[in-house]
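> Return atomic coordinates for the entry below.
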Amino acid sequence: MVWAPLPGTGTALVVGRTGAPFRARERRQVSALARIVDTRLIDLSRRLHPSNQE
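Here you go, the predicted structure:
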């Protein structure tokens, strides 16, 4: 199992699998994906917030 924080949303991305442990490259990829997800979730929440509705 590998996890990466999503500080902007106060959550984390958690990825798991059976079998071989995650390699360093895979852990870096999960971290990069977490940064993208965090940014997109923040953007989405801003767009959907009621104060931004006309």
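
> What's the local residue count around Leu6?
Other residues within reach of Leu6 by the criterion other Cβ atoms under 10 Å amount to 17. Every C-beta, even on glycine, is put in place using the N, C-alpha and C of the backbone.

> Contact partners for it?
Ala12, Leu13, Ala34, Val37, Asp38, Leu41 (Cβ atoms under 8 Å, 6 or more residues apart in numbering).

> Against Val2, how distant is the closest residue to it other than its chain neighbours?
Nearest non-adjacent residue to Leu6, counting by Cβ to Cβ, 6 or more residues apart in numbering: Asp38, 4.1 Å away. Applying Cβ to Cβ, to the nearest Å, the value for Asp38 to Val2 is 16 Å.

> picking that back up, show me which of the contacts of Leu6 are buried.
In these, burial by neighbour count holds for Leu13, Ala34, Val37, Asp38, counting by 16 or more other Cβ atoms under 10 Å.

> And the pLDDT at the second one?
Read it as Ala34. We have a pLDDT of 97 for Ala34.

> again with the first one
What the model reports as pLDDT for Leu13 is 95.

> which SS class is it?
For Leu13, the secondary structure call by DSSP: H, G, I helix; E, B strand; the rest coil comes out as strand.
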